[in-house]
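**Q** What would the 3D arrangement of this be:
(chains A and B)
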Amino acid sequence: MTADDIGAAEGPDNVDETGAPSGGEAMDDNDAVWRLLSDLSEDDPVAPPVGLRAAVLAGARSEGANRPLPRADQLPAAGVPYLRQLIELSSLGPALLARPAQEPVLGEWTATDVLAHLLAVDALAGAALGLPTPPETGSGADVLTRTASARSGPAGASLREALAVWRAQAAAIARHTAAVGEPGMARQVPYLGTVMAAGDVLLDRAFETWVHAEDLRTVLGRPALDPAPGDVHLMSDLGVRMLPGAWLSAGGDLDDELVHLVLTGPGGGAWRVGPRGAAALPDAGPAGWRPGLAAVVVMDGIDFCRLAGGRAEPHSVPHRVEGDRAAGAHVLAATALLARP
Amino acid sequence: MLPDHAEAILTDDELVRRLGLGDEVALAAAYDRFATMVHAVAARVCGERHAAEDVTQQVFLQLWTSPGTFDGHKGSLRGWLAVLAHRRAVDWVRREAVRSRPSYARVDDSAPSAEEQALDATVARRVAAAVDQLPETYREVVRMLYYEELPVRVIADRLGIPEGTTKTRLRAARQRLAAELAAAGWAGA
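**A** Sure thing, here's the model as predicted:
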């Protein structure tokens, strides 16, 4: 055998369907050699060290951070709102970096804390979807523990780092969503103590990202930026579907009350809400109280989202109740219960 | 709805399609499926633990950045990664050889010298020598499977022995081979 023989046969380009070219009797066939080596390795594997997997995945995330984001038309419907909020929040980065690092923007939280919080909860969503969760995204299985962990790590030490880590992870979530497509959205995954469809997890992340982007826009003196109407509808729909559970888990009793919730404005709609579930009404046309309904609650869709996000109070959010006022109040109170830290 | 651990049953083409879209879950699945093989090939060729880790990282990073260079019509992803691991490991051995030469002898690294090319030959020659030392009953099954690429069923027919016996001989042959290579100072064997 000559060195030239080896060099010529060495590349993956030369691999055929069977994994090696057909060889004669001569034992100088390089592809046969690597196939044999591969099998020997399988028989007596030298296991890679445990940390190597994390290193490979960290390298991939770091490399992927420089790639363009997927386009909205590459994503399933439930993934689009998250992509849009990712882009909107990213666009605030330069203005945030120009402000004093210690300036409180939400209670005692600085912008860095808000980003560390978002990346911590996104990491819980990412883990539910099967994505790696590097150490800088915090540790712990609940929102508060993980947020505290992320804030005390490298992302909590600098806004630039927090933005970078958050964005790299958010981009990874968006790319994974594009890769699994519509069929992956129905997959049931564990998330924040419950089990949800992957698409709903993404809507939840879009919603919280919007809520905190609004916090940051307020500090920056920028006007509120409502999500696109289609996004408002999808996020509202998730909120409405969570109402019965929120109400009952807080010890509430709906007594078989059936309420119609009508959300007005772009992206609005109408839903039937009862103690055993909620569903969109096929016709969102003029709704009014009728016998059999406890109440009809009418409010603006963005106000509903702000109430669910803890940025409005049930007693002060503009709304109208037809029928039983107490039943209407139940719906508002349940909506407020959806708010998380 | 996809089943749990859906990535564990993805085909090569589906894995590569998702890698092309930058899906880290697909990369994690590929790693879980192939890392032991990739690392073991690298360890065997390099004979050095850190080098094997570096090569493994390089191989998976190449899969991540250029999944489109894999062509499912030409072979399996497993085979492609094995070739890549072997190739990167041989690259490492070459570089080490250059580094270990006296500095006055260093030449342009961009083109492999005759000496470096000879290292490729060394890798294959070691294996070939070990195969040659096998007892004939083992050597013939190794030759037929790896060099003539005959299916186990055909090998069994040709030798007039049951398939089970053929597989047992192959297993035993590989064990002997691994022992021979280890005795020759081949790391990991």
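
**Q** what does the domain assignment say about chain B?
**A** B:1-100, B:116-189 (automatic domain parsing).

**Q** Out of those domains, which is the most enclosed?
**A** Most buried of the domains of chain B by mean neighbour count (mean count of other CB atoms under 10 Å in any protein chain shown) is domain B:1-100; its value is a mean of 20. C-beta: built from backbone N, CA, C; applies to glycine.

**Q** Nearest residue to the middle of chain B?
**A** Nearest to the mean C-alpha position of chain B, by CA atoms, centre = their mean, lies B:Ala82 at 3.6 Å.

**Q** Pretty sure that one sits against B:Val41.
**A** Yes: assessed by CB atoms under 8 Å, B:Ala82 is found in contact with B:Val41 at 5.7 Å.

**Q** can I get the domains of chain B in JSON lines with mean pLDDT and distance to chain A?
**A** Output for the domains of chain B, formatted as JSON lines (pLDDT from 0 to 100; distance: least, CB to the nearest CB, whole Å):
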{"stretch": "domain B:1-100", "mean pLDDT": "89", "distance to chain A": "3"}
{"stretch": "domain B:116-189", "mean pLDDT": "79", "distance to chain A": "3"}
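
**Q** Let me know which of those is the nearest to A:Pro314.
**A** Closest to A:Pro314 of the domains of chain B, according to CB to CB: domain B:1-100, at 36.0 Å.

**Q** just to revisit the earlier point, okay, the domains of chain B in a markdown table with distance to A:Glu257 next?
**A** Output for the domains of chain B, formatted as a markdown table (distance: least, CB to CB, whole Å):
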| stretch | distance to A:Glu257 |
| --- | --- |
| domain B:1-100 | 32 |
| domain B:116-189 | 69 |
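
**Q** Ramachandran angles for the residue nearest to the centre of chain B?
**A** The phi and psi values for B:Ala82, taken as degrees, to the nearest 10, are phi -70, psi -40.

**Q** contacting residues around the residue nearest to it when sequence neighbours are not counted?
**A** Nearest residue to B:Ala82 in three dimensions, chain neighbours excluded: A:Ser38, at 4.1 Å (CB to CB, 6 or more residues apart in numbering or on different chains). Listed by CB atoms under 8 Å, 6 or more residues apart in numbering or on different chains, the contact partners of A:Ser38 are B:37, B:41, B:78-79, B:82, B:86.

**Q** thinking again about what came up before, looking at the domains of chain B, which is nearest to A:Pro318?
**A** Of all these, it is domain B:1-100 that lies closest to A:Pro318, at 39.7 Å by CB to CB.

**Q** Go ahead and report the secondary structure state at the closest residue to A:Pro70 other than its chain neighbours.
**A** Excluding its sequence neighbours, the residue lying closest to A:Pro70 (CB to CB, 6+ apart) is A:Ala178, at 4.1 Å. In three-state terms, and counting by DSSP: H, G, I helix; E, B strand; the rest coil, A:Ala178 is helix.

**Q** wouldn't A:Ala178 be in contact with A:Tyr82 here?
**A** No: contact status for A:Ala178 versus A:Tyr82: not in contact, 11.2 Å apart, counting by CB under 8 Å.

**Q** Low-confidence bits of the stretch 201-341 of chain A, can you list those?
**A** Across the stretch 201-341 of chain A, the ranges flagged by pLDDT under 70 are A:250-255, A:283-287.

**Q** Which strand or helix spans the residue nearest to B:Ala82?
**A** Here A:Ser38, judged by DSSP states H and E, is contained in helix A:30-43.

**Q** Quick check: mean pLDDT of that helix?
**A** The average pLDDT within helix A:30-43 is 70.

**Q** for chain B, what are the nearby residues on the stretch 51-200 of chain A?
**A** Neighbours of chain B within the stretch 51-200 of chain A, by CB under 8 Å from any CB of the partner chain: A:52-53, A:55-57, A:59-61, A:63-64, A:67, A:70, A:74, A:129-132, A:172, A:175-176, A:178-180, A:183-184, A:186-188.

**Q** Excluding chain neighbours, what is closest to B:Ala29?
**A** B:Glu7 (3.6 Å).

**Q** residue boundaries of the helices in the chain?
**A** As the question left the chain open, I've gone with chain A. Taking DSSP state H, the helices of chain A run over residues A:3-9, A:30-43, A:51-64, A:80-91, A:93-97, A:111-129, A:143-152, A:154-157, A:159-185, A:198-219, A:229-249, A:301-308, A:325-337.

**Q** you looked at the wrong chain, it should be chain B
**A** Using DSSP H, helices in chain B cover B:12-20, B:24-46, B:49-65, B:77-100, B:114-132, B:136-142, B:152-159, B:163-183.

**Q** ok, now which ones touch residue 60?
**A** Just so you know, I chose chain A. So A:Ala60 contacts B:24, B:27, B:60-61, B:64 (CB under 8 Å, 6+ apart).

**Q** oops, chain B please
**A** Contacts of B:Phe60 by CB under 8 Å, 6+ apart are A:56, A:60, B:27, B:30-31, B:35, B:38.
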